[in-house]
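>>> show me the folded form of this:
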Amino acid sequence: MGPISQPSQGSSKAHHTHLAGTNLVAECGFDELETNVLEIARLFCLAFADPKSEAWIDALRRAEQVFPIPFGATIANAVLIALNDMRVSRTRMFTYTSPRCSDCVRHITDEERYLISALHSMRQGNRGAAKTHCMLLCEGGDATRLLASLERIAIITGDVETPKYN
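Numbering: from 1, shown residues only. Take a look at the predicted model:
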C-alpha cells in the first residue's frame, strides 16, 4: 500500500517557497462539493501521516458541516474508502497540502488535482477522463477500485444514477 506523505507545507522561514509552480485550487474549476471533498481528503491524509493529530475527527466534523443531513458521514466514509483504494494501487507517496495551513490550502498538488479531477469527471458523466486521472493516481496500476469508489461518491451526491464499476 502506498504511503501518504507528510503534508506539503512551508515553515515561516521558508515563506512557502515549495508552493512555487503549484496550481491554485480556485483555478482548477472545481465546484463547492469538490473543494469540500478535497478538504476532507486532506484531513484524512493528515490522519494517515500523523495519527496523533486525530485529523480524522476533523474530517468527519467538516463533512457533517458542509453536506446536508444525513450525507456528511456517508460522504466522508466514501472519501476514506477512495483514499484507501488509491493507496492500494500506488507505490510512491501521495503528496497533499496541509489542511492546517491557511496559506497552503489555496494550493493543490498534482496528486490532489488528479483525485478531484477524477471525481469531477465522474460527476459530469465523463468516465473516460475519470479513468485517465485514476490511472495517473494509481501510477499505471489497476484503477478499477478507485473508479468504483469515486463513482459511489457521485451516486451519493445524485450525479450518477447507474453504476458501471463494482
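>>> okay, CA-based contacts and neighbour counts for the rest of this
Fine.
>>> contacting residues around residue 151?
Contact partners of residue 151, counting by C-alpha atoms under 8 Å, 6 or more residues apart in numbering, are 119, 122-123, 160, 163, 165.
>>> take the residues you listed and lay them out in a markdown table including secondary structure.
Listed next are the contacts of residue 151 as a markdown table, based on DSSP: H, G, I helix; E, B strand; the rest coil:
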| residue | secondary structure |
| --- | --- |
| 119 | helix |
| 122 | helix |
| 123 | helix |
| 160 | coil |
| 163 | coil |
| 165 | coil |
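>>> which of those residues tops the neighbour count?
Comparing these by number of neighbours (other C-alpha atoms under 10 Å), residue 119 comes first, having 29 neighbours.
>>> what about the nearest residue to it once chain neighbours are set aside, neighbour count?
Closest residue in space to residue 119, ignoring its immediate chain neighbours: residue 150 at 5.7 Å, by C-alpha to C-alpha, 6 or more residues apart in numbering. Number of residues near residue 150 (other C-alpha under 10 Å) recorded here: 29.
>>> wait, which of the contacts of residue 151 is closest to residue 84?
residue 119 (15.1 Å; C-alpha to C-alpha).
>>> I figured the closest one hits residue 154, correct?
Yes. Contact criterion C-alpha atoms under 8 Å: residue 119 and residue 154 qualify, at 7.4 Å.
>>> find residues that contact each of those two.
Common neighbours of residue 119 and residue 154, counting by C-alpha under 8 Å, 6+ apart, are absent.
>>> quick one: the strands in this structure?
23-24, 107-108 (DSSP state E).
>>> ranking these by burial, who's on top?
Highest mean neighbour count among the strands of the chain (mean count of other C-alpha atoms under 10 Å): strand 107-108, with a mean of 23.
>>> and that strand, what does it pack onto?
Contact partners of strand 107-108 among helices and strands, from 3 or more C-alpha pairs under 8 Å, 6 or more residues apart in numbering; DSSP states H and E: strand 23-24.
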